[in-house]
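Student: Next input, structure requested:
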Amino acid sequence: MARIRRDVWALGPGWNDTTLYYARAVAKLQQRPITDRTSWTFLAAMHGIDPDLWQSFGYLDASGTLASGADQKRYWRQCQHQTWYFLPWHRGYLAAFENIVRAAVIDLGGPADWALPYWNYNNPAIAESNQLPWCFSQPQLPDGSANPLFVTRRYGSGAGPIVLDPRLISADQAMADTQFAGQSAGGSAGFGGPQTRFHHGGEQDGVPSGDLENSPHNAVHSLVGGSLRGADPNDPLNLGLMSMPDTAALDPVFWVHHANIDRLWEAWLRASASNRNPTVVAWLNGPARPFAMPTEAGADYTFAPKDVLDLGAEHLGYEYEDLAAAQPPGAAELAVTTMKPKRTTTELLGANTERLALVKSPVQSKVHLDGAVKSRVTRSFAQGVAAPGAGASADRVFLNLENIRGLNDAAVFSVYLGPAAGAAPSPSAQQFVGSVSLFGAAKASAKDDAHGGKGLTAVLDVTRAIQGLHQGGSLDADHLVVNLVPETDLAPKDPVSVGRISLYRTGR
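Tutor: Coordinates of the predicted model:
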């Protein structure tokens, strides 16, 4: 029988077998040296590692002892971001971790069917679901010993208990997209991300995150990790573990966050028959560099995306107690109006002309529209929505925030369309189009052998917002105003910038 992953908040406040044995097993893994493939630090290094930063944070001893060169090359720095391998790699990684933790749980006398819980921060049935789960905020275990699930480098907003703004961690865009694989520039980034080679986050700078990776994945990382209040957020020493890819997996909350991302992938597949994984060999067989994982005994195995599509497969063997995902407002209509035509064209609808520096106050920019392309978009809207299967569809419109550079991986900002230049952005649903996190921006902005310094790119589907502006007569003839509103602390001289804001149409 498959093991059941359960919502950590549905387990209720207070300790229970799932959370208490998770804490005790984490402590057991943390006692093992980094040279042990089943140790806490070895497993975290598989996601990413910065030895100097780890030593400063106390996760490496002064000698700087690391795993063997062969193990580092095979296992470490594997995490897949800004790629269509994001979801399958993290599923295999999560399962390997879960199996190792469960072995420790069993050694401690715990249940043989122990499974990793998930944190569904968008659960409408549980009012406190957007709060940091209880077990991660308790300094002590019931016996009075230190709780390894509680870490001091988890800052949030710095203004009290960690509570996530539902607007900033929405999965609406992801769950409404019917395409798994997206484009590397211009149009939809896809539910699961654009087609790439092995992509640890630096090999192909400027490639956007897929919908689910952009939100809620990236936003939760930045908002939970945060930065030390009153300190310079451009200094990585002042950032929380979850804020940076090279330290994120050191925080035990990382794993319950990723269990929810994995759950949302499965929920998306089951939500509609049109939601399907790629069937091309390049995705099924994975990249040239194989994904390598350790077993609970420390042995070695590899996997490809095709090996983790069935939750009952070897090395997996789990189910989710709840695969419901909040349905975005108007999602059924959006799925019809944005049904992918057999042949599509992606073309530039407009762009701004200046690099934007993000400061503490909102920043506005005008995206100048191409009249001919805009006419094609509005004509598409005017022709109405075709019935499913009729073969016609309205255009989709995507806002691209290109070459986002900065050192503050904890930064998050909201994006609004309109109103007129100079006016304050409105919190109305029509104008708010999403959030963007700078999780991973520091590395993507570095100009070294692995990075070209192009920064991050984020893509937001603004089709419904543009439709609303058009239907309400508020879509300006020659430009669109975009407002960027910081949602987290920025230093007075924080070098966060957006290279270009562009608007693309995808349609016939």
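Student: Residues touching stretch 473-486, excluding its own?
Tutor: Contact with stretch 473-486 is made by 350, 352, 356, 358-369, 371, 378, 399, 411-421, 425, 466, 469, 498, 501, 503, as judged by CB atoms under 8 Å, 6 or more residues apart in numbering. Where C-beta positions appear, they are placed from N, C-alpha and C, glycine not excepted.
Student: which stretch of helix or strand covers the closest residue in space to Asp50 that isn't next to it in sequence?
Tutor: Leaving aside its sequence neighbours, Asp50 sits nearest to Asp246 (CB to CB, 6 or more residues apart in numbering; 4.2 Å). Secondary structure from DSSP states H and E places Asp246 outside every helix and strand.
Student: Just the buried ones from the contacts of stretch 473-486?
Tutor: Neighbour-count burial (16 or more other CB atoms under 10 Å) applied to the contacts of stretch 473-486 gives 350, 352, 356, 358, 363-367, 369, 399, 411-419, 425, 466, 469, 498, 501, 503.
Student: can you give me the mean pLDDT across stretch 72-91?
Tutor: Taken as a whole, stretch 72-91 has a mean pLDDT of 97.
Student: Now the terminal residues of that stretch, how far apart.
Tutor: Its first and final residues considered, stretch 72-91 spans 21 Å by CA to CA, to the nearest Å.
Student: Now do the buried residues in that stretch.
Tutor: In stretch 72-91, counting by 16+ other CB under 10 Å, buried: 74-91.
Student: Give me the residue at the spatial middle of the protein.
Tutor: Compute the mean C-alpha point of the chain, and by CA atoms, centre = their mean the closest residue is His217, 2.3 Å away.
Student: Could you check how far the residue nearest to Trp119 when sequence neighbours are not counted is from Pro236?
Tutor: With CB to CB, 6+ apart as the criterion, Trp119 has its nearest non-adjacent residue at 4.4 Å, and that residue is Val256. Using CB to CB, to the nearest Å, Val256 is found at 24 Å from Pro236.
Student: Comparing the two, which shows the higher neighbour count?
Tutor: Val256 (24 against 21; other CB atoms under 10 Å).
Student: Centre of the chain to the strand or helix carrying the more buried one, how far?
Tutor: Using DSSP H and E, the element containing Val256 is helix 253-271. On the basis of CA atoms, centre = their mean, to the nearest Å, helix 253-271 sits 11 Å off its chain's mean C-alpha point.
Student: Buried ones in it, by neighbour count?
Tutor: Neighbour-count burial for helix 253-271 [16+ other CB under 10 Å]: 253-269, 271.
Student: So for the residue nearest to the centre of the chain, what pLDDT did the model give?
Tutor: On the pLDDT scale, His217 is placed at 98.
Student: is it true that it touches Asp262?
Tutor: No. Contact criterion CB atoms under 8 Å: His217 and Asp262 do not qualify, at 10.6 Å.
Student: Next one: the residue nearest to the centre of the chain from Gly350, what distance?
Tutor: To Gly350, His217 is 28 Å away according to CB to CB.
Student: what's the answer for Tyr85, then?
Tutor: Separation of Tyr85 from Gly350 (CB to CB): 32 Å.
Student: do the same with Met242
Tutor: Distance from Met242 to Gly350, by CB to CB: 36 Å.
Student: Okay, now the unreliable bits of the protein?
Tutor: Scanning the chain for pLDDT under 70 picks out 1, 201-205, 325-343, 384-393, 419-430, 448-452.
Student: and it, what are its domains?
Tutor: Domains of the chain are assigned by automatic domain parsing as 3-201+244-320, 331-507.
Student: Helices along the stretch 401-508 of the chain, start to end?
Tutor: Using DSSP state H, counting those that start in this stretch, the helices of the stretch 401-508 of the chain run over 441-445, 463-471.
Student: most packed of the ones you listed?
Tutor: Highest mean neighbour count of the helices of the stretch 401-508 of the chain: helix 441-445, a mean of 24 (counted as mean count of other CB atoms under 10 Å).
Student: Other residues contacting that one?
Tutor: Contacts to helix 441-445, defined as CB under 8 Å, 6+ apart, come from residues 201-202, 205, 236, 244-246, 404-409, 411, 451, 453-456, 496.
Student: what about stretch 93-101, distance to the chain center?
Tutor: 20 Å.
Student: so how far is Pro51 from the residue nearest to Asp50?
Tutor: Note on Asp246: its distance to Pro51, by CB to CB, is 9 Å.
Student: The two: which has the busier surroundings?
Tutor: The residue with more neighbours, out of Asp246 and Pro51, is Asp246; 24 against 14, by other CB under 10 Å.
Student: I'd assumed Leu53 was in contact with that one.
Tutor: Yes. Between Asp246 and Leu53 there is a contact under CB under 8 Å: 6.5 Å.
Student: Filter the contacts of stretch 473-486 down to just the ones in strands.
Tutor: Counting by DSSP state E, the contacts of stretch 473-486 place 350, 356, 363-369, 399, 412-417, 498, 501, 503 in strands.
Student: Would you pull up how far the longest helix along the chain lies from the middle of the chain?
Tutor: Counting by DSSP state H, the longest helix found in the chain is helix 86-107. Distance of helix 86-107 from the chain centroid (CA atoms, centre = their mean) equals 19 Å.
Student: Now do it against helix 253-271, angle only.
Tutor: 120 degrees (axes from the mean of the first three to the mean of the last three CA atoms, to 10 degrees).
Student: So for helix 86-107, what gets flagged as buried?
Tutor: Within helix 86-107, the residues scored as buried using 16+ other CB under 10 Å are 86-106.
Student: After that helix, which helix or strand is next?
Tutor: As assigned by DSSP H and E, the chain's next helix or strand after helix 86-107 is helix 172-176.
Student: that older thread, which among the helices of the stretch 401-508 of the chain is found nearest to Thr488?
Tutor: Ranking these by proximity to Thr488 (CB to CB) places helix 441-445 first, at 12.6 Å.
Student: Please save the CA atoms from the closest one in CSV.
Tutor: The C-alpha trace of helix 441-445 is given here as CSV (Å, rounded to 0.1, in the frame of the first residue of the first chain):
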residue,chain,number,x,y,z
ALA,A,441,18.8,36.5,-8.8
ALA,A,442,22.3,37.0,-7.2
LYS,A,443,23.8,34.0,-9.0
ALA,A,444,22.0,34.8,-12.3
SER,A,445,23.4,38.4,-12.1
